[in-house]
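A.B. asks: Structure here, sequence nowhere to be found:
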């Protein structure tokens, strides 16, 4: 029953947030004709679960795991810190480009010559959990900004995405980076769909 409730909650959150990526505060018509889009990621002042700032969450978990097993907390910290470049960002870009490539645009970090930059700022992250008999999906909140690469201080359009859920089918997402990675993949796909409207 609890597993069913978790699945239902994930479905409800997806339905509730599906429109958020569409609500850019200004039209994206300036993207027409652009072949490349630069991407930047920000985790500045991101909060995690009920722990507050990310640093507090990581230090707390590190101490907790090391108390149970020497070195386990250190491995957790290393895995957590490498997860953005190892899992989250590639997932976001893969699903974003799956949509944008069909419109003749490619998005990537450090895209040379790209007139515009998409800044993906993760403001909140809930890691969720999976202990076999019970699981809770991860979910993330994002602030999106489209700026001129040469003039990043001027935001041309922005959007907010909340409660974007992440959970793998089949229940094999025991590692938090796997669940969180699905949040980024889902967000990338949603952002791609909303941006493609500005490319038509």
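C.D. replies: Nice, thanks for sending it over. In this text, all values refer to a predicted model and were calculated from it rather than measured experimentally.
A.B. asks: check contacts around residue 149.
C.D. replies: The contact partners of residue 149, by CB atoms under 8 Å, 6 or more residues apart in numbering, come to 38, 114-117. From N, CA and C alone the C-beta is placed, and that goes for glycine too.
A.B. asks: between those residues, which is nearest residue 144?
C.D. replies: In terms of CB to CB, no member of these lies closer to residue 144 than residue 117, at 11.1 Å.
A.B. asks: Report the secondary structure state of that closest one.
C.D. replies: Under DSSP: H, G, I helix; E, B strand; the rest coil, residue 117 falls in the strand class.
A.B. asks: Pull the number of nearby residues for residue 145.
C.D. replies: Residues lying near residue 145 (other CB atoms under 10 Å) number 18.
A.B. asks: So residue 39 sits against residue 121, correct?
C.D. replies: No. Judged on CB atoms under 8 Å, residue 39 makes no contact with residue 121 at a distance of 11.7 Å.
A.B. asks: still on that earlier bit, closest one of the contacts of residue 149 to residue 27?
C.D. replies: Among the contacts of residue 149, residue 116 lies closest to residue 27 (CB to CB), at 13.6 Å.
A.B. asks: Quick one: the strands in this structure, in order.
C.D. replies: Using DSSP state E, the strands of the chain run over residues 36-42, 47-48, 106-109, 116-126, 129-130, 135-136, 138-148, 151-166.
A.B. asks: which of these has the lowest average pLDDT?
C.D. replies: Ranked by mean pLDDT, those bottom out at strand 129-130, with a mean of 77.
A.B. asks: elements contacting it?
C.D. replies: Secondary-structure packing of strand 129-130 (3 or more CB pairs under 8 Å, 6 or more residues apart in numbering; DSSP states H and E): strand 135-136.
A.B. asks: Partner strands of the strand it packs on, with direction?
C.D. replies: Next to strand 135-136 in the sheet, as set by DSSP bridges, lie strand 129-130 (antiparallel).
A.B. asks: Give me the distance from the longest helix along the chain to the chain's centre.
C.D. replies: Taking DSSP state H as the criterion, the chain has its longest helix at helix 176-199. In terms of CA atoms, centre = their mean, to the nearest Å, the centre of helix 176-199 is found 7 Å from the chain centre.
A.B. asks: now that helix: mean pLDDT?
C.D. replies: Rounded mean pLDDT across helix 176-199 is 92.
A.B. asks: buried ones in it?
C.D. replies: 176-196, 198-199 (16 or more other CB atoms under 10 Å).
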